[in-house]
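> show me how the following folds:
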Amino acid sequence: MTTINSIAASAQPASAGGQNNHISALKFITCGSVDDGKSTLIGRLLVDSKAVLQDHLAGVQRGGETDLALLTDGLSAEREQGITIDVAYRYFATETRKFIIGDAPGHEQYTRNMVTAASSADAAVVLVDATKLDWQNPELALLPQTRRHSLLAHLLRVHSLVFAVNKLDAVADPALAWKHIQGALARFAQAAGIAVRATVPVSALKGWNVVDANAGWCDYQGPTLLQVLEALPNTPADTALPLAFPVQWVEKSSSSSSDTSQGRRVFWGRVASGNVAPGTPVQIFPSGQLATVAQVLDHARRPKDVPAGTSAGIILDREVDVSRGDWILAAPTAAAAPADDDFGDTPAAVPAWPASRELRTTVAWMDDEPLVAGRVYWALHGHRWVKAKVKAVVHKLNINTLAEEAATQLDPNAIGHVELLLQEAIPAAAFGKARVLGSLILVDTASHKTAGAVLVN
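Below you'll find the model as predicted:
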């Protein structure tokens, strides 16, 4: 398990003056089972970090006491039922870091909302309610939703995962409960291959070890949850990979109509991998046309080299047919000729991102109708839509045992391995290698609802 010292070493330092404008905000979500205290924890973070105004606090009173959960549960149905339904985002900052929090719902039927929030998060704080567990048992079993959300965060390549054991103030022996629950979490994480950044005992209701430390409580001497979050690194961009740029918008530049040294259109999007700079040789997908980058603009239309994870506008050295949904990829590299090739035939160039129609994937299924072989969906890859047919459901993942079980379908909120056949080839890559190129979503062709989140294996 990674120590807090290694976390701090990988974090970006704050300036001496306490300003944090130059530090990238940490985007994290809170997740876990129902009523584990996720909304209350966020409310505690906001209140104790002085990020809530007094008039806002006055509006979340119930029975003369402040209900911290109401600071994030904004829908009327959430306030009436006391549950979280949709993801709510809140913002706050400390002297050393800025934060964007996503409060994900804990109900199994809203797993799709949790997946949406986790797909763009740098970290996930998984809450564990000590009162719901057999904390006196050294071999206690975790709740299924705790396991499910942890696995989903791991599958979605959330860079940092933190366990927060909540409501220990409500058990008879907090130290014993903390010891047994911490052991159960460590065993689960090891079996699932999940790297955990830290595990912290907290009381969201009383504020212990959330922002302010409660020294010695539960025999815990480590950092508070906020100190852990302040030290977590942002998700590293895939800058070491070849260039991949999904085109989102094509702009015709009238000001350059008289300039024949380069193309007259700007292709806007966000760099998925690699870096783009003037002089970079590229290939357009799917047309296969070759070109060279003549100019790169940042989000403010200033000429600038742009790395992965950053929005950019690309102008090519000549007019090339490029539309929304196309990809601008690194140009193919020449393959070396075999040493025993007496005829000196020129080998075919190797594409930087090979295209494929057949994909082996991991699917988090979110539709109300089961996923079965033979069904056809729309698949969105980058900004390109293609038809996708389910060839086979290979197996599903048992959330409780982590075993791969034979299956012919995926039920709502299930996770499993699925083989897809696409109508057209796409430059997909393994999700573990390239986060953007390795992810798709499936959309029902009739209802247009998002049906599944797809990770390429």
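> from here on, contacts and neighbour counts on C-alpha atoms
Noted.
> so who does the nearest residue to S119 once chain neighbours are set aside touch?
Nearest residue to S119 in three dimensions, chain neighbours excluded: L156, at 5.9 Å (CA to CA, 6 or more residues apart in numbering). By CA atoms under 8 Å, 6 or more residues apart in numbering, L156 lies in contact with 118-119, 455.
> just A414 next, same as before
Shown in contact with A414 (CA under 8 Å, 6+ apart): 364-366, 396-397.
> run the last query once more with 6 Å
Counting by CA atoms under 6 Å, 6 or more residues apart in numbering, A414 touches W365.
> adding neighbour count, write the contacts of L156 out as CSV.
Putting the contacts of L156 into CSV (neighbours: other CA atoms under 10 Å) gives the following:
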residue, neighbour count
A118, 27
S119, 17
L455, 27
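> show me the residues you listed that map onto helices.
Using DSSP state H, A118 are the members of the contacts of L156 that sit in helices.
> min pLDDT across the contacts of L156, which one?
Taking the contacts of L156 together, the minimum pLDDT is found at S119 (83).
> now it: how far from P278?
Applying CA to CA, to the nearest Å, the value for S119 to P278 is 31 Å.
> and what of A414?
According to CA to CA, A414 stands 45 Å off from P278.
> do the same with A392
A392 is 44 Å from P278, by CA to CA.
> do F28 as well
35 Å.
> then W268?
From W268 over to P278 (counting by CA to CA), the distance is 15 Å.
> these two: which has the busier surroundings?
W268 (23 against 18; other CA atoms under 10 Å).
> state the pLDDT value of that one.
97.
> kindly report the same for A335.
On the pLDDT scale, A335 gets 68.
> now swap in the one 10 residues further on and tell me
If you check D345, the pLDDT there is 62.
> do the same with A58
Listed pLDDT for A58 reads 47.
> make 55 the starting number, not 1.
Got it, the first residue is 55 from now on, which makes the last one we talked about A112.
> still on that earlier bit, pick the one among the contacts of L210 closest to R438.
L509 (16.0 Å; CA to CA).
> just checking, the closest one touches T416?
Yes. Counting by CA atoms under 6 Å, L509 does reach T416; the two are 5.1 Å apart.
> what about the longest helix in this protein?
Secondary structure of the chain per DSSP H: the longest helix is helix 228-246.
> which parts of that one are buried?
228-236, 238-240, 242-243, 246 (16 or more other CA atoms under 10 Å).
> likewise stretch 503-511?
Within stretch 503-511, the residues that count as buried by 16+ other CA under 10 Å are 504-511.
> G342: which of the residues you listed is nearest?
Nearest member of the buried residues of stretch 503-511 to G342, counting by CA to CA, is V510, at 23.1 Å.
> low-scoring stretches of the stretch 205-354 of the chain, by residue?
Applying pLDDT under 70 to the stretch 205-354 of the chain flags the ranges 308-313.
> would you map the strands across it?
214-220, 252-255, 298-306, 319-324, 329-330, 335-339, 344-351 (DSSP state E, counting those that start in this stretch).
> ok, and what's touching stretch 211-231?
Contacts of stretch 211-231 with the rest of the structure, by CA under 6 Å, 6+ apart, involve 176-184, 189, 250-257, 272, 289.
> isn't K443 right next to L475, touching?
Yes. Using CA under 6 Å, K443 is in contact with L475, at 5.1 Å.
> need the residue closest to the centroid of the protein.
The geometric centre of the chain, computed from its C-alpha atoms, lies nearest to S173 (CA atoms, centre = their mean), at 2.7 Å.
> now it: how far from R211?
According to CA to CA, S173 stands 8 Å off from R211.
> longest strand in this structure, by residue count?
The longest strand of the chain (DSSP state E) is strand 438-451.
> from T415, how far off is V426?
In terms of CA to CA, V426 sits 14 Å off from T415.
> the two: which has the busier surroundings?
Between V426 and T415, counted using other CA under 10 Å, T415 has the larger neighbour count: 23 against 18.
> which ones are touching the more buried one?
T415 makes contacts with 471-472, 509-511, as judged by CA under 6 Å, 6+ apart.
> those helices in this protein, which residues are they?
Under DSSP H, the chain gives helices at 58-64, 92-102, 108-112, 130-135, 165-172, 198-209, 228-246, 279-285.
> closest one to A461 among those helices?
With CA to CA as the yardstick, what comes closest out of the helices of the chain is helix 198-209 (18.2 Å).
> return the distance of that closest one from the chain's centre.
In terms of CA atoms, centre = their mean, to the nearest Å, the centre of helix 198-209 is set 13 Å apart from its chain centre.
> so which residues make contact with it?
Residues contacting helix 198-209 (CA under 6 Å, 6+ apart): 86-87, 453.
> redo that, cut-off 7 Å
For helix 198-209, the external contacting residues (CA atoms under 7 Å, 6 or more residues apart in numbering) are 85-87, 172, 178, 180, 182, 248, 453-454.
> what about those, which one has the most neighbours?
Among the contacts of helix 198-209, C85 has the most neighbours (other CA under 10 Å), with 32 neighbours.
> model confidence for the residue lying closest to that residue once chain neighbours are set aside, exactly?
Spatial nearest neighbour of C85, chain neighbours left out: V180 (4.9 Å); criterion: CA to CA, 6+ apart. pLDDT for V180: 94.
> so V180 sits against T84, correct?
Yes. Using CA atoms under 7 Å, V180 is in contact with T84, at 5.9 Å.
> how many residues are close by K260?
K260, neighbours per other CA under 10 Å, totals 13.
> and the gap between it and F146?
From K260 to F146 the distance is 20 Å (CA to CA).
> A461 too?
The spacing between A461 and F146, counted by CA to CA, is 44 Å.
> same deal with N167?
As for N167, its distance to F146 is 22 Å (criterion: CA to CA).
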